[in-house]
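# Here is my input, please return the structure:
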Amino acid sequence: MKWNDKKQLELEPNELDLLAWSVANEVVNGFNVGDFQQQIGISENEFVKVAKRLRATSMAKNVAISTYEAEAFRNALVLTLEELGDDEFSTRTGHKYDVGKLILQELKSFLG
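The predicted model follows:
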């Protein structure tokens, strides 16, 4: 994960897989988020649109997301880590819990 002066964050393929596929699936289909707009920061429809756009990109290259999108994915990742915990996170997302925590720290650093 790296960012530039334009406030865009570049996701590597494994980060894209975790955020746009696994985490997006969990917050939309896996568990009840409650007030989606309040918890994630954007509407569920908008979040799904962003995830679909990212999913349509090649997994072989880095993909840039905006600060706005990074905030939504940070919030979704926080909820997913909390809801699933260590064992379930790895089982349901296919990614290690520690990797999820590391990506969360990188998102937080990017967002300040």
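
# alpha carbons only for contacts and neighbour counts from here, please
OK.

# how about the helices in this protein?
Listed in chain order, the helices of the chain (DSSP state H) span residues 13-16, 24-25, 36-40, 44-55, 67-93, 97-111.

# I'd like to know which elements the longest one is packed against.
Going back to what we said before, that points to helix 67-93. Applying 3 or more CA pairs under 8 Å, 6 or more residues apart in numbering; DSSP states H and E, one finds that helix 67-93 contacts strand 8-11, helix 36-40, helix 97-111.

# Quick check: the gap between the nearest residue to residue 43 once chain neighbours are set aside and residue 75.
Spatial nearest neighbour of residue 43, chain neighbours left out: residue 37 (4.7 Å); criterion: CA to CA, 6 or more residues apart in numbering. Relative to residue 75, residue 37 is positioned 11 Å away (criterion: CA to CA, to the nearest Å).

# Was I right to think the residue nearest to residue 43 contacts residue 45?
No. Under the criterion of CA atoms under 8 Å, residue 37 is not in contact with residue 45, lying 9.7 Å apart.

# Looking at those two now, which is surrounded by more residues?
More neighbours sit around residue 37 than around the other of residue 37 and residue 45, counting by other CA atoms under 10 Å; the figures are 15 against 12.
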